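**Student:** what's the 3D shape of this:
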Amino acid sequence: MKSFINFLLDLNVWVMFLFSVLGAVLFSVLLGFILNALFYDGTNNLLMLGAIVIPAIDAPVFIILLIILIREHRKLRSELDHRVKERTLELEIAYKQLSQEIKERKEIEKRLLHAHKMESIGTLAGGIAHDFNNILSSVIGFTELSLDEVEKGTKLEENLQEVYIAGKRARDLVKQILTFARQAEEEVKPIQISTIAKEVLKLLRSSIPTTIDIRGNITSNALIMGDPINIHQILMNLCTNASYAMEKGGVLEVRLEDVSIDGNSEIFNGQKVGHYVKLTISDTGSGIPEENIESIFEPYFTTKPVGEGTGMGLAMVHGIVKKYGGGILVKSEVGKGSVFSVFFPITECEDVSLKYQTRMLPSGSERILLVDDELPIVKMECQALESLGYEVSTRTSSIEALALFHARPDDFDLVITDMTMPNMTGDELASEMMAIRPDIPVILCTGYSKQISPENIADLGIKALAYKPMIKSEMVETVRKVLDDAKRMSTENSFPQV
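**Tutor:** As a prediction, this is how the structure comes out:
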(Lines give C-alpha, C1' and ligand atoms only; values in the text may rest on other atoms or scores of the structure.)
Protein backbone atom coordinates (compact mmCIF):
# COMPACT_ATOMS: atom_id res chain seq x y z
CA MET A 1 0.00 0.00 0.00
CA LYS A 2 2.80 2.38 0.96
CA SER A 3 4.80 1.68 -2.27
CA PHE A 4 1.66 2.25 -4.33
CA ILE A 5 1.17 5.68 -2.73
CA ASN A 6 4.82 6.60 -3.46
CA PHE A 7 4.32 5.54 -7.10
CA LEU A 8 1.31 7.83 -7.42
CA LEU A 9 3.27 10.75 -5.94
CA ASP A 10 6.13 10.25 -8.45
CA LEU A 11 3.63 9.92 -11.33
CA ASN A 12 1.95 13.16 -10.29
CA VAL A 13 5.27 15.03 -10.36
CA TRP A 14 6.18 13.76 -13.85
CA VAL A 15 2.72 14.61 -15.20
CA MET A 16 3.13 18.13 -13.83
CA PHE A 17 6.55 18.30 -15.44
CA LEU A 18 5.29 17.25 -18.91
CA PHE A 19 2.30 19.54 -18.81
CA SER A 20 4.53 22.45 -17.73
CA VAL A 21 7.00 21.91 -20.60
CA LEU A 22 4.18 21.44 -23.11
CA GLY A 23 2.45 24.55 -21.81
CA ALA A 24 5.64 26.60 -22.04
CA VAL A 25 6.30 25.52 -25.62
CA LEU A 26 2.73 26.15 -26.74
CA PHE A 27 2.68 29.53 -25.03
CA SER A 28 5.98 30.58 -26.71
CA VAL A 29 4.90 29.39 -30.18
CA LEU A 30 1.56 31.11 -29.81
CA LEU A 31 3.26 34.33 -28.71
CA GLY A 32 5.64 34.14 -31.70
CA PHE A 33 2.79 33.74 -34.18
CA ILE A 34 0.87 36.66 -32.69
CA LEU A 35 3.91 38.97 -32.85
CA ASN A 36 4.70 37.82 -36.36
CA ALA A 37 1.15 38.52 -37.55
CA LEU A 38 1.18 41.99 -36.05
CA PHE A 39 4.62 43.26 -37.07
CA TYR A 40 5.90 41.11 -39.95
CA ASP A 41 6.64 43.32 -43.05
CA GLY A 42 7.91 40.64 -45.35
CA THR A 43 11.57 41.61 -44.97
CA ASN A 44 12.17 41.53 -41.18
CA ASN A 45 12.54 38.00 -39.80
CA LEU A 46 13.53 39.13 -36.28
CA LEU A 47 10.19 38.45 -34.71
CA MET A 48 9.93 35.08 -36.41
CA LEU A 49 13.32 34.25 -34.94
CA GLY A 50 12.11 35.37 -31.52
CA ALA A 51 9.13 33.14 -31.86
CA ILE A 52 11.46 30.22 -32.32
CA VAL A 53 14.18 31.24 -29.81
CA ILE A 54 11.91 32.12 -26.90
CA PRO A 55 10.56 28.55 -26.53
CA ALA A 56 14.11 27.22 -26.78
CA ILE A 57 15.15 29.45 -23.88
CA ASP A 58 11.92 29.15 -21.90
CA ALA A 59 11.69 25.33 -21.89
CA PRO A 60 15.09 24.68 -20.19
CA VAL A 61 14.23 27.23 -17.48
CA PHE A 62 11.04 25.30 -16.73
CA ILE A 63 12.98 22.06 -16.78
CA ILE A 64 15.55 23.36 -14.27
CA LEU A 65 12.80 24.62 -11.99
CA LEU A 66 10.99 21.33 -12.19
CA ILE A 67 14.17 19.36 -11.45
CA ILE A 68 14.69 21.49 -8.32
CA LEU A 69 11.04 20.91 -7.40
CA ILE A 70 11.39 17.15 -7.84
CA ARG A 71 14.53 17.04 -5.69
CA GLU A 72 12.87 19.04 -2.92
CA HIS A 73 9.84 16.82 -3.17
CA ARG A 74 11.92 13.68 -2.81
CA LYS A 75 13.82 15.18 0.11
CA LEU A 76 10.62 16.10 1.88
CA ARG A 77 9.13 12.71 1.12
CA SER A 78 12.28 10.99 2.50
CA GLU A 79 12.04 13.04 5.69
CA LEU A 80 8.34 12.24 5.95
CA ASP A 81 9.00 8.53 5.47
CA HIS A 82 11.68 8.66 8.18
CA ARG A 83 9.29 10.40 10.57
CA VAL A 84 6.54 7.90 9.75
CA LYS A 85 8.91 4.99 10.47
CA GLU A 86 10.00 6.54 13.76
CA ARG A 87 6.43 7.20 14.81
CA THR A 88 5.34 3.72 13.72
CA LEU A 89 8.13 2.19 15.82
CA GLU A 90 7.10 4.33 18.80
CA LEU A 91 3.49 3.25 18.36
CA GLU A 92 4.50 -0.42 18.11
CA ILE A 93 6.52 -0.13 21.34
CA ALA A 94 3.65 1.71 23.05
CA TYR A 95 1.21 -0.96 21.82
CA LYS A 96 3.37 -3.78 23.22
CA GLN A 97 3.71 -1.96 26.55
CA LEU A 98 -0.03 -1.30 26.67
CA SER A 99 -0.78 -4.94 25.81
CA GLN A 100 1.56 -6.10 28.60
CA GLU A 101 -0.03 -3.67 31.06
CA ILE A 102 -3.51 -4.87 30.07
CA LYS A 103 -2.40 -8.49 30.50
CA GLU A 104 -0.87 -7.73 33.92
CA ARG A 105 -3.95 -5.81 34.97
CA LYS A 106 -6.22 -8.69 33.98
CA GLU A 107 -4.00 -11.06 35.97
CA ILE A 108 -4.13 -8.75 39.00
CA GLU A 109 -7.91 -8.44 38.65
CA LYS A 110 -8.15 -12.23 38.43
CA ARG A 111 -6.08 -12.63 41.60
CA LEU A 112 -8.07 -9.90 43.33
CA LEU A 113 -11.32 -11.64 42.41
CA HIS A 114 -9.90 -14.90 43.76
CA ALA A 115 -8.89 -13.10 46.97
CA HIS A 116 -12.42 -11.69 47.33
CA LYS A 117 -13.85 -15.17 46.83
CA MET A 118 -11.51 -16.57 49.46
CA GLU A 119 -12.48 -13.75 51.82
CA SER A 120 -16.16 -14.55 51.29
CA ILE A 121 -15.47 -18.24 51.89
CA GLY A 122 -13.53 -17.28 55.01
CA THR A 123 -16.41 -15.21 56.35
CA LEU A 124 -18.83 -18.06 55.68
CA ALA A 125 -16.41 -20.58 57.22
CA GLY A 126 -16.05 -18.43 60.32
CA GLY A 127 -19.79 -18.30 60.87
CA ILE A 128 -20.15 -22.04 60.33
CA ALA A 129 -17.17 -22.78 62.58
CA HIS A 130 -18.60 -20.77 65.48
CA ASP A 131 -21.99 -22.51 65.44
CA PHE A 132 -20.62 -25.96 64.66
CA ASN A 133 -17.97 -25.75 67.38
CA ASN A 134 -20.66 -24.92 69.92
CA ILE A 135 -22.52 -28.08 68.87
CA LEU A 136 -19.32 -30.14 69.04
CA SER A 137 -18.56 -28.77 72.49
CA SER A 138 -21.75 -30.36 73.78
CA VAL A 139 -21.23 -33.62 71.85
CA ILE A 140 -17.64 -34.11 72.99
CA GLY A 141 -18.21 -32.79 76.51
CA PHE A 142 -21.23 -34.92 77.40
CA THR A 143 -19.56 -37.95 75.82
CA GLU A 144 -16.55 -37.46 78.09
CA LEU A 145 -18.81 -37.15 81.13
CA SER A 146 -20.54 -40.39 80.15
CA LEU A 147 -17.21 -42.19 79.57
CA ASP A 148 -16.13 -41.23 83.07
CA GLU A 149 -19.10 -43.10 84.55
CA VAL A 150 -19.65 -46.00 82.14
CA GLU A 151 -18.44 -49.48 82.98
CA LYS A 152 -15.20 -50.19 81.15
CA GLY A 153 -15.10 -52.91 78.54
CA THR A 154 -18.84 -52.82 77.82
CA LYS A 155 -20.53 -52.33 74.47
CA LEU A 156 -21.82 -48.96 75.68
CA GLU A 157 -18.28 -47.80 76.46
CA GLU A 158 -17.18 -48.90 72.97
CA ASN A 159 -20.05 -46.97 71.37
CA LEU A 160 -19.28 -43.84 73.38
CA GLN A 161 -15.64 -44.08 72.29
CA GLU A 162 -16.79 -44.04 68.67
CA VAL A 163 -18.89 -40.93 69.33
CA TYR A 164 -15.91 -39.29 71.02
CA ILE A 165 -13.55 -40.14 68.13
CA ALA A 166 -16.08 -38.86 65.60
CA GLY A 167 -16.42 -35.62 67.57
CA LYS A 168 -12.66 -35.04 67.57
CA ARG A 169 -12.47 -35.74 63.83
CA ALA A 170 -15.29 -33.27 63.27
CA ARG A 171 -13.30 -30.73 65.26
CA ASP A 172 -10.34 -31.33 62.95
CA LEU A 173 -12.64 -30.92 59.96
CA VAL A 174 -13.67 -27.47 61.17
CA LYS A 175 -10.00 -26.59 61.56
CA GLN A 176 -9.45 -27.76 58.00
CA ILE A 177 -12.19 -25.43 56.72
CA LEU A 178 -10.67 -22.51 58.61
CA THR A 179 -7.19 -23.37 57.35
CA PHE A 180 -8.51 -23.44 53.78
CA ALA A 181 -9.89 -19.96 54.41
CA ARG A 182 -6.51 -18.90 55.92
CA GLN A 183 -7.97 -18.35 59.37
CA ALA A 184 -6.41 -21.04 61.53
CA GLU A 185 -2.93 -21.69 62.85
CA GLU A 186 -1.06 -24.87 61.98
CA GLU A 187 -0.77 -27.53 64.69
CA VAL A 188 2.30 -29.75 64.17
CA LYS A 189 2.24 -33.02 66.11
CA PRO A 190 3.00 -36.76 65.61
CA ILE A 191 0.43 -38.20 63.21
CA GLN A 192 -0.23 -41.39 61.25
CA ILE A 193 -0.71 -40.72 57.54
CA SER A 194 -2.38 -44.13 57.22
CA THR A 195 -5.39 -43.00 59.28
CA ILE A 196 -5.84 -39.87 57.18
CA ALA A 197 -5.30 -41.78 53.92
CA LYS A 198 -8.06 -44.27 54.77
CA GLU A 199 -10.46 -41.42 55.56
CA VAL A 200 -9.61 -39.70 52.26
CA LEU A 201 -10.20 -42.94 50.34
CA LYS A 202 -13.67 -43.23 51.91
CA LEU A 203 -14.43 -39.63 50.95
CA LEU A 204 -13.17 -40.13 47.40
CA ARG A 205 -15.42 -43.13 46.79
CA SER A 206 -18.46 -40.89 47.28
CA SER A 207 -17.15 -37.88 45.34
CA ILE A 208 -15.28 -39.34 42.33
CA PRO A 209 -17.14 -40.78 39.29
CA THR A 210 -17.73 -44.52 39.39
CA THR A 211 -15.85 -44.87 36.09
CA ILE A 212 -12.65 -44.44 38.13
CA ASP A 213 -11.44 -47.50 40.02
CA ILE A 214 -9.97 -46.40 43.38
CA ARG A 215 -7.38 -48.73 44.87
CA GLY A 216 -5.70 -48.40 48.26
CA ASN A 217 -2.56 -50.16 49.42
CA ILE A 218 -1.77 -48.92 52.93
CA THR A 219 1.10 -50.79 54.61
CA SER A 220 2.76 -48.08 56.72
CA ASN A 221 1.75 -47.20 60.28
CA ALA A 222 4.77 -44.97 60.93
CA LEU A 223 4.45 -41.50 62.43
CA ILE A 224 5.51 -38.18 60.93
CA MET A 225 5.55 -34.65 62.37
CA GLY A 226 2.86 -32.60 60.70
CA ASP A 227 -0.60 -31.10 60.76
CA PRO A 228 -3.41 -33.57 59.94
CA ILE A 229 -5.23 -30.83 58.06
CA ASN A 230 -2.26 -30.21 55.75
CA ILE A 231 -1.76 -33.93 55.09
CA HIS A 232 -5.46 -34.20 54.28
CA GLN A 233 -5.11 -31.29 51.85
CA ILE A 234 -2.13 -32.95 50.13
CA LEU A 235 -4.01 -36.20 49.65
CA MET A 236 -7.21 -34.53 48.43
CA ASN A 237 -5.36 -32.24 46.03
CA LEU A 238 -3.27 -34.96 44.41
CA CYS A 239 -6.20 -37.38 44.20
CA THR A 240 -8.52 -34.72 42.77
CA ASN A 241 -5.93 -33.81 40.12
CA ALA A 242 -5.55 -37.49 39.26
CA SER A 243 -9.31 -37.94 38.84
CA TYR A 244 -9.49 -34.79 36.68
CA ALA A 245 -6.93 -36.34 34.32
CA MET A 246 -9.19 -39.39 33.84
CA GLU A 247 -12.35 -37.93 32.33
CA LYS A 248 -13.12 -41.21 30.55
CA GLY A 249 -12.30 -43.38 33.55
CA GLY A 250 -9.23 -45.21 34.74
CA VAL A 251 -7.42 -46.41 37.85
CA LEU A 252 -6.48 -44.21 40.79
CA GLU A 253 -4.13 -45.91 43.25
CA VAL A 254 -2.96 -44.64 46.65
CA ARG A 255 -0.01 -46.47 48.21
CA LEU A 256 1.64 -45.85 51.57
CA GLU A 257 4.85 -47.62 52.60
CA ASP A 258 8.01 -47.20 54.64
CA VAL A 259 11.25 -46.66 52.71
CA SER A 260 14.88 -45.85 53.46
CA ILE A 261 16.82 -43.18 51.57
CA ASP A 262 20.58 -43.47 51.11
CA GLY A 263 23.14 -41.94 48.77
CA ASN A 264 21.99 -44.11 45.89
CA SER A 265 18.28 -43.29 46.16
CA GLU A 266 16.50 -41.51 43.35
CA ILE A 267 15.32 -38.73 45.64
CA PHE A 268 18.66 -38.35 47.42
CA ASN A 269 19.48 -35.06 45.66
CA GLY A 270 19.08 -32.46 48.41
CA GLN A 271 17.32 -34.94 50.73
CA LYS A 272 18.61 -36.18 54.08
CA VAL A 273 19.52 -39.83 54.45
CA GLY A 274 17.05 -41.66 56.69
CA HIS A 275 13.70 -43.42 56.99
CA TYR A 276 10.65 -42.01 55.24
CA VAL A 277 6.97 -42.67 54.67
CA LYS A 278 6.41 -42.81 50.92
CA LEU A 279 3.00 -41.72 49.67
CA THR A 280 2.42 -42.65 46.03
CA ILE A 281 -0.60 -41.46 44.06
CA SER A 282 -0.81 -42.76 40.49
CA ASP A 283 -3.37 -42.50 37.71
CA THR A 284 -3.91 -43.80 34.18
CA GLY A 285 -5.02 -40.45 32.80
CA SER A 286 -3.85 -38.08 30.10
CA GLY A 287 -0.41 -37.44 31.61
CA ILE A 288 1.62 -34.23 31.81
CA PRO A 289 3.60 -32.91 28.81
CA GLU A 290 7.35 -32.94 29.46
CA GLU A 291 7.65 -29.18 28.96
CA ASN A 292 5.16 -28.58 31.83
CA ILE A 293 6.77 -30.87 34.42
CA GLU A 294 9.14 -28.17 35.68
CA SER A 295 6.31 -25.62 36.03
CA ILE A 296 3.54 -27.58 37.75
CA PHE A 297 4.63 -26.54 41.25
CA GLU A 298 4.78 -22.83 40.39
CA PRO A 299 2.02 -20.63 41.87
CA TYR A 300 -0.86 -19.86 39.48
CA PHE A 301 0.35 -22.36 36.89
CA THR A 302 -2.58 -24.38 35.58
CA THR A 303 -3.63 -26.12 32.39
CA LYS A 304 -7.28 -26.20 33.39
CA PRO A 305 -9.84 -23.89 31.71
CA VAL A 306 -10.68 -20.55 33.30
CA GLY A 307 -12.87 -21.04 36.36
CA GLU A 308 -11.83 -24.66 36.94
CA GLY A 309 -8.46 -24.15 38.63
CA THR A 310 -6.49 -21.50 40.51
CA GLY A 311 -3.03 -22.93 39.92
CA MET A 312 -2.34 -22.97 43.67
CA GLY A 313 -3.00 -26.64 44.52
CA LEU A 314 0.36 -28.19 43.63
CA ALA A 315 2.22 -25.08 44.80
CA MET A 316 0.58 -25.58 48.21
CA VAL A 317 1.47 -29.30 48.19
CA HIS A 318 5.11 -28.53 47.37
CA GLY A 319 5.32 -25.88 50.09
CA ILE A 320 3.89 -28.17 52.80
CA VAL A 321 6.12 -31.12 51.87
CA LYS A 322 9.28 -28.98 51.87
CA LYS A 323 8.29 -27.43 55.20
CA TYR A 324 8.05 -30.91 56.72
CA GLY A 325 11.51 -31.82 55.41
CA GLY A 326 10.20 -34.10 52.67
CA GLY A 327 10.47 -34.31 48.90
CA ILE A 328 8.41 -34.98 45.77
CA LEU A 329 9.12 -36.99 42.63
CA VAL A 330 6.94 -36.72 39.52
CA LYS A 331 6.90 -39.16 36.60
CA SER A 332 4.47 -38.78 33.74
CA GLU A 333 3.92 -39.94 30.19
CA VAL A 334 1.38 -38.34 27.89
CA GLY A 335 -1.47 -40.72 27.21
CA LYS A 336 -0.44 -43.20 29.94
CA GLY A 337 -0.72 -41.32 33.23
CA SER A 338 1.23 -39.76 36.10
CA VAL A 339 2.86 -40.89 39.35
CA PHE A 340 3.42 -38.50 42.27
CA SER A 341 5.71 -39.85 45.02
CA VAL A 342 5.78 -37.82 48.25
CA PHE A 343 8.32 -38.55 51.01
CA PHE A 344 7.84 -37.59 54.68
CA PRO A 345 10.57 -38.17 57.30
CA ILE A 346 9.54 -40.66 60.00
CA THR A 347 9.55 -39.46 63.61
CA GLU A 348 10.07 -41.51 66.78
CA CYS A 349 7.58 -39.46 68.82
CA GLU A 350 4.52 -41.18 70.24
CA ASP A 351 1.14 -40.86 68.57
CA VAL A 352 -1.61 -38.81 70.17
CA SER A 353 -4.51 -41.25 70.43
CA LEU A 354 -8.00 -40.18 69.43
CA LYS A 355 -9.57 -42.44 72.05
CA TYR A 356 -10.71 -41.07 75.39
CA GLN A 357 -8.35 -42.11 78.17
CA THR A 358 -9.31 -41.79 81.82
CA ARG A 359 -6.55 -40.15 83.83
CA MET A 360 -6.03 -38.04 86.92
CA LEU A 361 -6.93 -34.42 86.26
CA PRO A 362 -6.03 -31.38 88.39
CA SER A 363 -8.79 -30.48 90.82
CA GLY A 364 -9.61 -27.52 93.08
CA SER A 365 -12.12 -25.84 95.34
CA GLU A 366 -12.11 -22.31 93.91
CA ARG A 367 -15.26 -20.39 92.99
CA ILE A 368 -15.89 -19.97 89.27
CA LEU A 369 -18.40 -17.82 87.39
CA LEU A 370 -19.25 -19.56 84.09
CA VAL A 371 -20.94 -17.48 81.35
CA ASP A 372 -22.18 -18.79 77.98
CA ASP A 373 -25.36 -18.14 76.01
CA GLU A 374 -25.53 -21.84 75.00
CA LEU A 375 -27.32 -23.69 77.82
CA PRO A 376 -26.02 -27.20 76.87
CA ILE A 377 -22.43 -25.94 77.04
CA VAL A 378 -23.09 -24.33 80.43
CA LYS A 379 -24.51 -27.59 81.78
CA MET A 380 -21.67 -29.70 80.41
CA GLU A 381 -18.84 -27.45 81.62
CA CYS A 382 -20.52 -26.99 85.00
CA GLN A 383 -20.71 -30.78 85.50
CA ALA A 384 -17.09 -31.24 84.46
CA LEU A 385 -15.79 -28.55 86.84
CA GLU A 386 -18.00 -29.57 89.76
CA SER A 387 -16.84 -33.19 89.38
CA LEU A 388 -13.33 -31.94 90.17
CA GLY A 389 -14.38 -30.01 93.28
CA TYR A 390 -14.91 -26.50 91.95
CA GLU A 391 -17.84 -24.36 93.09
CA VAL A 392 -19.54 -23.10 89.91
CA SER A 393 -22.10 -20.34 89.36
CA THR A 394 -23.60 -20.15 85.87
CA ARG A 395 -25.30 -17.51 83.73
CA THR A 396 -26.51 -17.64 80.11
CA SER A 397 -26.66 -13.84 79.76
CA SER A 398 -23.67 -11.51 79.85
CA ILE A 399 -25.85 -8.73 81.29
CA GLU A 400 -27.04 -10.98 84.15
CA ALA A 401 -23.47 -12.17 84.75
CA LEU A 402 -22.22 -8.56 85.03
CA ALA A 403 -25.01 -7.71 87.47
CA LEU A 404 -24.12 -10.74 89.62
CA PHE A 405 -20.42 -9.87 89.59
CA HIS A 406 -21.15 -6.21 90.37
CA ALA A 407 -23.18 -7.28 93.40
CA ARG A 408 -20.64 -9.88 94.68
CA PRO A 409 -17.21 -9.16 93.12
CA ASP A 410 -15.27 -10.96 95.87
CA ASP A 411 -17.28 -14.17 95.64
CA PHE A 412 -15.39 -15.43 92.58
CA ASP A 413 -11.82 -16.56 91.98
CA LEU A 414 -12.17 -16.99 88.20
CA VAL A 415 -14.48 -15.99 85.35
CA ILE A 416 -14.91 -18.21 82.26
CA THR A 417 -16.87 -16.45 79.52
CA ASP A 418 -17.85 -17.10 75.93
CA MET A 419 -16.81 -14.51 73.35
CA THR A 420 -19.85 -14.20 71.06
CA MET A 421 -22.98 -13.39 73.08
CA PRO A 422 -25.98 -11.08 72.61
CA ASN A 423 -25.98 -7.58 74.12
CA MET A 424 -22.40 -7.75 75.38
CA THR A 425 -19.47 -9.75 74.00
CA GLY A 426 -17.07 -11.69 76.18
CA ASP A 427 -14.19 -9.23 75.86
CA GLU A 428 -16.50 -6.33 76.77
CA LEU A 429 -17.79 -8.30 79.78
CA ALA A 430 -14.22 -9.01 80.88
CA SER A 431 -13.33 -5.31 80.64
CA GLU A 432 -16.36 -4.32 82.74
CA MET A 433 -15.56 -6.93 85.40
CA MET A 434 -11.88 -5.94 85.55
CA ALA A 435 -12.96 -2.32 85.96
CA ILE A 436 -14.83 -3.44 89.10
CA ARG A 437 -12.07 -5.77 90.30
CA PRO A 438 -8.74 -5.45 88.43
CA ASP A 439 -7.22 -8.68 89.79
CA ILE A 440 -10.01 -11.04 88.63
CA PRO A 441 -8.56 -13.63 86.19
CA VAL A 442 -10.62 -14.26 83.05
CA ILE A 443 -10.58 -17.11 80.53
CA LEU A 444 -12.18 -16.22 77.19
CA CYS A 445 -13.70 -19.07 75.11
CA THR A 446 -14.51 -18.86 71.42
CA GLY A 447 -15.62 -21.14 68.61
CA TYR A 448 -14.25 -18.57 66.18
CA SER A 449 -13.55 -14.83 66.35
CA LYS A 450 -11.71 -12.46 64.01
CA GLN A 451 -11.30 -9.84 66.74
CA ILE A 452 -9.59 -12.02 69.34
CA SER A 453 -6.27 -13.84 69.04
CA PRO A 454 -3.59 -15.11 71.46
CA GLU A 455 -1.53 -12.06 70.56
CA ASN A 456 -4.00 -9.38 71.67
CA ILE A 457 -5.68 -10.93 74.73
CA ALA A 458 -2.78 -9.80 76.94
CA ASP A 459 -3.55 -6.18 76.07
CA LEU A 460 -7.11 -6.78 77.26
CA GLY A 461 -5.93 -8.25 80.57
CA ILE A 462 -7.40 -11.67 79.74
CA LYS A 463 -5.29 -14.54 81.13
CA ALA A 464 -6.08 -17.30 78.60
CA LEU A 465 -7.85 -17.92 75.32
CA ALA A 466 -9.59 -21.29 74.88
CA TYR A 467 -10.87 -22.54 71.55
CA LYS A 468 -14.07 -24.56 71.36
CA PRO A 469 -14.64 -27.42 71.34
CA MET A 470 -12.30 -28.18 74.24
CA ILE A 471 -11.89 -31.66 75.60
CA LYS A 472 -12.22 -31.98 79.35
CA SER A 473 -8.52 -32.37 80.08
CA GLU A 474 -7.65 -29.24 78.10
CA MET A 475 -10.30 -27.19 79.90
CA VAL A 476 -9.43 -28.18 83.47
CA GLU A 477 -5.68 -27.86 82.86
CA THR A 478 -6.22 -24.33 81.54
CA VAL A 479 -8.42 -23.50 84.56
CA ARG A 480 -5.83 -24.84 86.99
CA LYS A 481 -2.95 -22.97 85.34
CA VAL A 482 -4.78 -19.61 85.35
CA LEU A 483 -5.80 -20.02 89.00
CA ASP A 484 -2.27 -21.00 90.07
CA ASP A 485 -0.76 -18.06 88.16
CA ALA A 486 -3.25 -15.69 89.81
CA LYS A 487 -2.36 -17.03 93.28
CA ARG A 488 1.36 -16.66 92.58
CA MET A 489 0.90 -13.08 91.39
CA SER A 490 -1.18 -12.30 94.46
CA THR A 491 1.47 -13.77 96.75
CA GLU A 492 4.27 -11.82 95.07
CA ASN A 493 2.33 -8.58 95.28
CA SER A 494 1.60 -9.14 98.99
CA PHE A 495 5.31 -8.93 99.94
CA PRO A 496 6.42 -5.41 100.89
CA GLN A 497 8.71 -3.70 98.38
CA VAL A 498 12.26 -3.15 99.64
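
**Student:** next one: the host helix or strand of Y164 to chain centre, how far?
**Tutor:** Assigning secondary structure by DSSP states H and E places Y164 in helix 155-180. Remark: helix 155-180 is offset 27 Å from the chain centroid, using Cα atoms, centre = their mean, to the nearest Å.

**Student:** average pLDDT for it?
**Tutor:** Mean pLDDT, helix 155-180: 79.

**Student:** what comes up buried for the helix or strand just after it?
**Tutor:** Going down the chain from helix 155-180, the next helix or strand is strand 189-192, by DSSP H and E. Neighbour counts over strand 189-192 (16 or more other Cβ atoms under 10 Å) mark 191-192 as buried. Quick note: C-beta positions are derived from backbone N, CA and C, even for glycine.

**Student:** quick one: buried residues of the very next helix or strand once past strand 189-192?
**Tutor:** Downstream of strand 189-192, the first helix or strand assigned by DSSP H and E is helix 193-207. Within helix 193-207, the residues that qualify as buried are 193-197, 199-201, 204, counting by 16+ other Cβ under 10 Å.

**Student:** mind listing the helices for the chain?
**Tutor:** Taking DSSP state H as the criterion, the chain carries its helices at 2-39, 46-149, 155-180, 193-207, 228-244, 290-293, 313-323, 375-386, 398-407, 426-436, 457-460, 472-494.

**Student:** Can I get the ones you listed in a markdown table including distance to P362?
**Tutor:** Below are those laid out as a markdown table (distance: least, Cβ to Cβ, whole Å):
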| stretch | distance to P362 |
| --- | --- |
| helix 2-39 | 92 |
| helix 46-149 | 15 |
| helix 155-180 | 21 |
| helix 193-207 | 30 |
| helix 228-244 | 27 |
| helix 290-293 | 55 |
| helix 313-323 | 35 |
| helix 375-386 | 11 |
| helix 398-407 | 25 |
| helix 426-436 | 23 |
| helix 457-460 | 22 |
| helix 472-494 | 4 |
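
**Student:** isn't A222 right up against V277?
**Tutor:** Yes. With contact defined as Cβ atoms under 8 Å, A222 counts as touching V277 (5.2 Å).

**Student:** Between those two, tell me which one has more neighbours.
**Tutor:** More neighbours surround V277 than the other of A222 and V277, with 23 against 19 (other Cβ atoms under 10 Å).

**Student:** so who does the residue found closest to that one once you drop the neighbours it is linked to in the chain touch?
**Tutor:** Closest residue in space to V277, ignoring its immediate chain neighbours: F344 at 4.7 Å, by Cβ to Cβ, 6 or more residues apart in numbering. By Cβ atoms under 8 Å, 6 or more residues apart in numbering, the contact set of F344 is 193, 224, 226, 276-277, 279, 321, 324-326.

**Student:** likewise G426?
**Tutor:** Contacts here follow Cβ under 8 Å, 6+ apart; on that basis G426 touches 371, 398, 417-420, 444-446.

**Student:** Sort out for me which of these are in strands.
**Tutor:** Among those, the members found in strands (DSSP state E) are 371, 417-418, 444-446.

**Student:** May I see those residues organised as JSON lines, with distance to R359, pLDDT and neighbour count added?
**Tutor:** Listed next are the ones in strands among the contacts of G426 as JSON lines, based on distance: Cβ to Cβ, whole Å; pLDDT from 0 to 100; neighbours: other Cβ atoms under 10 Å:
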{"residue": "V371", "distance to R359": "28", "pLDDT": "94", "neighbour count": "28"}
{"residue": "T417", "distance to R359": "27", "pLDDT": "93", "neighbour count": "26"}
{"residue": "D418", "distance to R359": "27", "pLDDT": "91", "neighbour count": "25"}
{"residue": "L444", "distance to R359": "26", "pLDDT": "92", "neighbour count": "23"}
{"residue": "C445", "distance to R359": "23", "pLDDT": "90", "neighbour count": "28"}
{"residue": "T446", "distance to R359": "26", "pLDDT": "85", "neighbour count": "22"}
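
**Student:** Closest to K336 out of those?
**Tutor:** The closest of those to K336 turns out to be T446 (Cβ to Cβ; 50.8 Å).

**Student:** gap between that closest one and D485?
**Tutor:** Separation of T446 from D485 (Cβ to Cβ, to the nearest Å): 20 Å.

**Student:** In the stretch 351-498 of the chain, where is pLDDT below threshold?
**Tutor:** Across the stretch 351-498 of the chain, residues meeting the criterion (pLDDT under 70) sit at 351-358, 449-450, 493-498.

**Student:** if you set the cut-off to 50 instead, what comes out?
**Tutor:** The stretch 351-498 of the chain contains residues with pLDDT under 50 at 497-498.

**Student:** sorry, back to before: closest to T425 among the contacts of F344?
**Tutor:** Checking the contacts of F344 against T425 by Cβ to Cβ gives G226 as the nearest, at 34.8 Å.
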